[in-house]
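[1] dropping the sequence and predicted coords here.
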Amino acid sequence: MEKRTMIAVKDLVKQYGDFTAVKGISFEVFEGEIFGLLGPNGAGKSTTLEIIETLRQKTSGEVWVDGINLDENPEAIKKIIGVQLQSSGYYPGLNLVELIKMFAGLYNQQVDPKALLRLFNLEDKANARYKALSGGQKQRFSIATTLINKPKVIFLDEPTTGLDPQARRNLWDLIQQVRDQGTTVVITTHYMDEAEFLCDRCAIVDSGRVIAVDSPDALIDNLVASGFERKKEVKKANLEDVFIHLTGKDLREA
Ligand SMILES: Nc1ncnc2c1ncn2[C@@H]1O[C@H](COP(=O)(O)OP(=O)(O)OP(=O)(O)O)[C@@H](O)[C@H]1O
């Protein structure tokens with residue numbers, strides 16, 4: 001079946017003064033997939049995301065989201081995307097239900113706060129304030145809030161950084177659920193195990209350029225076909241598996 005393009009980025013360039021952070025990036029994100037932008041620190045991932053999110057001016061190149069050209073109608077793009085806020089974006093005095101109602105009001109949307117919290121396993125935190133949540137709960141809540149305007153695509157910038165293995169795996173399940181319900185997900189991460197588990201396709205970005213785009217499986221197969229072999233035989237489990245096996249999958253949060 002022909003895949004529909006949700007995001008198209010063509011020859012994107014971003015200069016900060018004399019420094020070119022993004023050097024002519026092109027890629028496509030298909031509807032209904034989890035697409036990863038992977039790359040070392042300073043590769044230009046956040047800059048690229050922020051340009052697509054309409055939060056940052058590009059120097060040149062073109063961007064379309066759901067067929068809408070960024071230069072022609074950034075306001076229309078804002079309406080169909082969900083962006084994860086940083087912690088500072090949440091009013092400290094409001095509880096989770098009040099925060100959801102506030103965002104729903106801003107977006108002029110009807111939302112059932114309890115149903116949304118249930119979806120993200122935060123039902124019993126309905127009356128808690130954001131700052132009282134654990135790291136994993138904060139991440140779950142911030143992903144929940146990206147869905148309030150019923151977006152076609154959400155952007156998650158390093159959503160699992162700083163979380164324990166249980167909270168990370170739980171968040172992976174939730175992100176897949178969001179995708180399975182029809183929302184396209186664009187994610188940045190430094191964790192290759194996360195990208196391998198979660199992403200349908202990913203772009204590897206280095207020094208402002210896209211150096212590979214494919215499914216994790218195909219990228220690995222290409223490397224193996226080129227004659228690459230790991231030095232050490234891979235064990236059937238890793239230390240994280242040991243940790244999860246010993247400590248269980250239950251979330252550790254009050
Ligand atoms: N406002 C700015 N002014 C000047 N340089 C900037 C600015 N924002 C980012 N940069 C530089 O642009 C480059 C790309 O930064 P960016 O944050 O997009 O990278 P990244 O791939 O998201 O990195 P990280 O993984 O560390 O978040 C870096 O060298 C960064 O120092």
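    Sure thing, it's come through. Numbers count the residues shown, from 1 in each chain.
[2] going forward, measure contacts and count neighbours with C-alpha atoms only.
    OK.
[3] what's the neighbour count on the residue nearest to residue 127 when sequence neighbours are not counted?
    Nearest residue to residue 127, sequence neighbours excluded (C-alpha to C-alpha, 6 or more residues apart in numbering): residue 95, at 5.2 Å. A count of nearby residues for residue 95, using other C-alpha atoms under 10 Å, gives 19.
[4] residue 95 is in contact with residue 132, isn't it?
    No. Judged on C-alpha atoms under 8 Å, residue 95 makes no contact with residue 132 at a distance of 9.5 Å.
[5] and the residue nearest to residue 64 when sequence neighbours are not counted, what are its bridge partners?
    Closest residue to residue 64 apart from its sequence neighbours, by C-alpha to C-alpha, 6+ apart: residue 8 at 5.1 Å. Following DSSP bridges, residue 8 is listed with bridge partners residue 28, residue 64.
[6] which residues sit in contact with residue 8?
    26-29, 63-65 (C-alpha atoms under 8 Å, 6 or more residues apart in numbering).
[7] go again with 6 Å.
    By C-alpha atoms under 6 Å, 6 or more residues apart in numbering, the contact set of residue 8 is 28, 63-64.
[8] ok, now how distant is the residue nearest to residue 127 from the ligand?
    Using C-alpha to the nearest ligand atom, to the nearest Å, residue 95 is found at 29 Å from the ligand.
[9] then residue 198?
    From residue 198 across to the ligand, the span is 18 Å (C-alpha to the nearest ligand atom).
[10] check which helix or strand residue 205 maps to.
    Assigned by DSSP states H and E, residue 205 belongs to strand 201-206.
[11] contacts for the following helix or strand past that strand, please.
    Using DSSP H and E, the next helix or strand after strand 201-206 towards the C-terminus is strand 209-214. Contacts with strand 209-214, where a contact means C-alpha under 6 Å, 6+ apart, come from 23, 25, 201-205.
[12] wait, does stretch 137-155 contact the ligand?
    No. Judged by C-alpha under 6 Å from any ligand atom, stretch 137-155 makes no contact with the ligand; its nearest approach is 12.9 Å.
[13] quick check: bridge partners of residue 185?
    With DSSP bridges as the rule, residue 185 is bridged to residue 34, residue 154.
[14] per-residue pLDDT of it, please?
    On pLDDT, residue 185 comes in at 98.
[15] so, low pLDDT: which residues of this protein?
    1, 87-88, 253-254 (pLDDT under 70).
[16] mind checking how far the longest helix along the chain is from the chain centre?
    In the chain, with assignment by DSSP state H, the single longest helix is helix 165-180. Centroid separation between helix 165-180 and its chain, computed with C-alpha atoms, centre = their mean, to the nearest Å, is 11 Å.
[17] contacts for that helix, please.
    136, 160, 249, 251.
[18] then stretch 236-248?
    Residues from elsewhere that reach stretch 236-248 (C-alpha under 6 Å, 6+ apart): none.
[19] let's see it as CSV, backbone CA atoms only.
    This file holds the C-alpha atoms of stretch 236-248, laid out as CSV (Å, rounded to 0.1, in the frame of the first residue of the first chain):
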residue,chain,number,x,y,z
LYS,A,236,20.8,-13.3,24.6
ALA,A,237,20.1,-10.8,27.3
ASN,A,238,21.8,-7.6,28.5
LEU,A,239,22.2,-6.0,31.9
GLU,A,240,19.0,-4.1,31.6
ASP,A,241,17.1,-7.4,31.1
VAL,A,242,18.8,-8.6,34.3
PHE,A,243,17.7,-5.5,36.1
ILE,A,244,14.1,-5.8,34.9
HIS,A,245,14.0,-9.5,35.6
LEU,A,246,15.2,-8.9,39.2
THR,A,247,13.2,-5.8,40.0
GLY,A,248,10.1,-6.4,37.9
